[in-house]
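Student: got a predicted structure here, sequence first:
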Amino acid sequence: MALSAELTARILQSVEDGFAEQIAFSQELIRFPSLRGEEHAIQDFVFRTWKHRGYVMERFAMDREAIERHPGGSKFSPQHSEAPIIVGIHRPREETGRSLIMQAHVDVVPAGPLDMWTNPPFDPVIRGDWLYGRGGADMKVGHAANLFALDALKRIGLQPAATIYLQSVVEEESTGNGALMTHLRGYRADAALIPEPEEEMLVRANAGVLWFQVEVRGVPVHVRQMGSGANAIDAIYRVIGSLRELEERWNAAKAGRKHFENEAHPLNLNIGKIEGGDWASSVPAWCRIDCRIAIFPGTSAAEAAREIEAHVAAFARGDRYLANNPPRITWNGFHVEGYELTPGSEAEAVLGRAHETAIGSPLKSFMTPAYLDARVHALYDRIPTLCYGPKSENIHGFDERASIASIKRITGAMALFVAEWCGVEGV
């Protein structure tokens, strides 16, 4: 049942009343340099904060064996985080509404060269409408919005009339195993809401992602005898050229894919890192690249991985040097399928009403060719999964920032969504 005008106004005013505290809390989260493997402190902070709010708390580790057995599990590497997963549980006095997962991740990508930032990346400054800081937009302001949307109800003497699971996960930026671990732990709900920075729109479709390394060995000699050796860096560039051909072939298959066919280049191969050689005057004996590539929903990660391996092997057989020194591929992170959100769910309708009330325009949807933890709940919980959040700029780049006005609007929409989807009761 749609919310009354009187209750709607009270909830939005409550969001306004708590917004200064919400922004201050978002800044606290940004101050934690929660890079991969370094999320322990922020997860402890989240645990204490949620426990102080009265949520029933659980903290648990990754179960590597269970993740590796699951078809949605990504590959472990020595860099995989060992930080815990945090879940805060709200239970109503009487379960009359529909349950909800509200999830966010705390891990952030590296900041890059610090001299390219206007302010230090973990110094959350405000300039005009923008809150700056690494990981602020992606997605600590969304993490805070989950909590403060619920706070807005409590401030006016209400709470959700259904179970809510607040989930704080890691490994979103590298494997997606944190979100998968909540699924394996047994947390289920009637819908999920994940406030990633999605430009005040709903994600309709999401690409799958694979991470892999390719390593080539060369024959080191002094550069004066360069012709008698084999340069591994030169060889890896030939492999990259071949991978670009595979990328273009995969993109050519976009025809007929509803959410992808109008995109110029929906599947991107990124050569994110390259290392090689030991000495400027020695022909390099080794070179390794770290790659990320997207795949269309419906394509399994295992199927795509086999195609990549077969493509590289076929290229190597036609290369004079690599034919006898084939490249080695290692799968070392994301190994996940994409998803498409089934339209017409009641959860989407409720979000649409909440959005239009808080934002003032109809809810739009779009496709993003990136990884989202929403895939866990969409593919394996098989529930409506609403990935929807504020406007941002430069995520994963320098001077990453989120729009403060948009954060407020989105938090209002989230609070209205929770009130209608879950129902409300007195505290």
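Tutor: Right, received. Where do you want to start?
Student: now Ile42. Nearest residue, chain neighbours left out?
Tutor: Using C-beta to C-beta, 6 or more residues apart in numbering and skipping residues adjacent in sequence, the residue nearest Ile42 is Phe32, 3.9 Å away. C-betas here are computed from N, CA, C, even on glycine.
Student: look up how far Val219 lies from the one you found.
Tutor: 47 Å (C-beta to C-beta, to the nearest Å).
Student: neighbour count for those two, which is higher?
Tutor: More crowded of Phe32 and Val219, by other C-beta atoms under 10 Å: Phe32, with 21 against 14.
Student: okay, now Gly112: neighbour count?
Tutor: With other C-beta under 10 Å as criterion, Gly112 counts 13.
Student: now it: phi and psi?
Tutor: phi 80, psi -170 (degrees, to the nearest 10).
Student: residues contacting the residue lying closest to it once chain neighbours are set aside?
Tutor: Nearest non-adjacent residue to Gly112, counting by C-beta to C-beta, 6+ apart: Phe398, 6.6 Å away. By C-beta atoms under 8 Å, 6 or more residues apart in numbering, the residues touching Phe398 are 112, 116-118.
Student: give me the buried subset of those residues.
Tutor: Buried by 16 or more other C-beta atoms under 10 Å: Trp117, out of these.
Student: helix, strand or coil for Glu58?
Tutor: Recorded secondary structure, Glu58: strand (DSSP: H, G, I helix; E, B strand; the rest coil).
Student: bridged to it, which residues?
Tutor: Judged by DSSP bridges, the bridge partners of Glu58 are Val87.
Student: neighbours around it, how many?
Tutor: Other residues close to Glu58 by other C-beta under 10 Å number 17.
Student: that one reaches Ile89, doesn't it?
Tutor: Yes - Glu58 is within contact range of Ile89, at 7.3 Å (criterion: C-beta atoms under 8 Å).
Student: just confirm Asp151 is within a helix.
Tutor: Yes - counting by three-state DSSP, Asp151 is found in a helix.
Student: how many residues are close by it?
Tutor: 20.
Student: so it makes contact with Gly18?
Tutor: Yes - taking C-beta under 8 Å as the definition, Asp151 is a contact partner of Gly18 at 5.6 Å.
Student: tell me the secondary structure at Pro390.
Tutor: coil.
Student: try the one 5 residues further on
Tutor: Reducing the assignment at Ile395 to three states with three-state DSSP gives coil.
Student: and it, what does it touch?
Tutor: Residues in contact with Ile395 (C-beta under 8 Å, 6+ apart) are 137-138, 197.
Student: please enumerate the helices of this structure.
Tutor: Here the chain has its helices, by DSSP state H, at 5-17, 19-31, 40-52, 64-69, 141-155, 177-185, 232-252, 301-317, 346-359, 374-376, 404-422.
Student: now the ones you listed in CSV, with distance to Leu100 and mean pLDDT?
Tutor: Shown next, in CSV, are these (distance: least, C-beta to C-beta, whole Å; pLDDT from 0 to 100):
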stretch, distance to Leu100, mean pLDDT
helix 5-17, 16, 98
helix 19-31, 19, 98
helix 40-52, 15, 98
helix 64-69, 24, 98
helix 141-155, 10, 98
helix 177-185, 13, 98
helix 232-252, 36, 97
helix 301-317, 28, 98
helix 346-359, 9, 98
helix 374-376, 14, 98
helix 404-422, 6, 98
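Student: now the ones you listed in TSV, with distance to Ile274?
Tutor: Shown next, in TSV, are the helices of the chain (distance: least, C-beta to C-beta, whole Å):
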stretch	distance to Ile274
helix 5-17	46
helix 19-31	30
helix 40-52	30
helix 64-69	28
helix 141-155	32
helix 177-185	26
helix 232-252	7
helix 301-317	16
helix 346-359	42
helix 374-376	29
helix 404-422	36
